[in-house]
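S.K.: Pasting a predicted model and its sequence here:
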Amino acid sequence: MKRVKKTEQESSTHELRTPALSDPEEIVVPSVAALIGILLTGLLYFVLPPTVILGPNWLLLVMQAVFVVPLIIDFLTPWDFSQKTRRNLVLVPLGLSTVALMVGVALFILTLPADRNAIEEAL
C-alpha cells in the first residue's frame with residue numbers, strides 16, 4: 001500500500017462542472033438576477049424621502065443605467081463582452097447601490113433625533 005500525505009487527494013474526487021455551451025440558461029440567469037437586483041435597489045433609492053438621500057432621487061438610476069444598457073445590448077445581440085467586462089459592468093452598479101443605500105441609512109440615523117413627528121407618535 002502506497003503512503004500518501006493527508007493533503008494529497010485522488011484526482012478523481014475533484015470534478016469541476018462547467019456549464020454546457022449549449023445551455024444558455026445557465027449562463028444568462030445569474031446576470032439577469034443581478035440586473036433585476038440593480039434596478040430594484042435603484043427604485044428603492046428613488047422612493048426614499050429627500051432627507052435621507054444625497055442629490056436628486058433619480059441620480060442613482062441614471063448612474064446604474066450607464067452600466068446596465070451595455071449589458072442589455074450584450075444579452076440581446078450577438079455582440080459579446082468578455083467575462084471580465086461583464087463582471088465589471090455588474091459589480092460597479094452594485095457597489096454604487098450599496099454605497100448609496102449605506103449613506104441613506106446613515107442620514108436616516110442622523111436625522112432621526114431631529115424628527116419631531118417620530119417623537120410625538122412614540123409618546
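M.R.: Cool, got the structure.

S.K.: Where does the prediction get shaky in the chain?
M.R.: Counting by pLDDT under 70, the ranges of the chain that qualify are 1-31, 115-123.

S.K.: top helix in it by residue count?
M.R.: helix 83-111 (DSSP state H).

S.K.: Could you list the buried residues of that helix?
M.R.: 86, 89-90, 93, 96-97, 100-101, 104, 107 (16 or more other C-beta atoms under 10 Å). C-beta coordinates here come from the backbone N, C-alpha and C atoms, glycine included.

S.K.: got the contact list for Leu60?
M.R.: Residues in contact with Leu60 (C-beta atoms under 8 Å, 6 or more residues apart in numbering) are 41-42, 45-46, 96-97, 100.

S.K.: Please enumerate the helices of the protein.
M.R.: Under DSSP H, the chain gives helices at 25-47, 59-76, 83-111, 116-122.

S.K.: who wins for proximity to Ile53 among those?
M.R.: helix 83-111 (5.7 Å; C-beta to C-beta).

S.K.: could you list every residue that touches the closest residue to Ile72 other than its chain neighbours?
M.R.: Leaving aside its sequence neighbours, Ile72 sits nearest to Leu35 (C-beta to C-beta, 6 or more residues apart in numbering; 7.5 Å). Neighbour list for Leu35: 68, 71-72, 90 [criterion: C-beta under 8 Å, 6+ apart].
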